[in-house]
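[1] sequence? don't have it. structure:
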């Protein structure tokens, strides 16, 4: 564990009534571009975005990107909570807990942001806390660039 990871493992970032509480876990499986299994038993969805299902346009590319980026690695996991307790973890309409996932040597790469940059996900307006509001600009840039989901033609061109 790096020094930065140790700091993030105990970090809490509060914004309004929502908090992101951090810890580290291994990504043991990737079910779709925005759904990961952590520690072998905890399934979570990335907060703030929706990636297409594997059978939808760009869904296979989103799944492949996420698997390549994080499967089998230890990542920083920041669950979205209402008051920094496990009892108040924010869940999507399907009951899936929401989390921000960071990876890389110093856990400095935001997985959801990378999916947005590549046009492999859309903003989920229902679940974008204030501290992740920059996701909106990442989606706008992908749209302007015409990559992934925002390409004018069929397929899923990379940036």
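    That came through, no problem. Small disclaimer: the values here were computed from a predicted structure and weren't measured.
[2] so the nearest residue to residue 90 once chain neighbours are set aside, which of the three states?
    The shortest distance from residue 90 to any non-neighbouring residue, by CB to CB, 6 or more residues apart in numbering, is to residue 80 (4.2 Å). C-beta here means a position set from N, CA and C on the backbone, and glycine is covered the same way. Secondary structure, DSSP: H, G, I helix; E, B strand; the rest coil: residue 80 is strand.
[3] Show me what residue 80 is bridged to.
    residue 20 (DSSP bridges).
[4] again with residue 35
    Here residue 35, judged by DSSP bridges, has bridge partners residue 32, residue 45.
[5] Quick check, the residue nearest to residue 90 in contact with residue 126.
    No: between residue 80 and residue 126 there is no contact under CB atoms under 8 Å: 11.6 Å.
[6] So for those two, which sits in the more crowded spot?
    residue 80 (23 against 11; other CB atoms under 10 Å).
[7] where does that one land on pLDDT?
    With respect to pLDDT, residue 80 has a value of 77.
[8] How about residue 2?
    42.
[9] Ok, residue 6 next?
    32.
[10] swap in residue 86?
    61.
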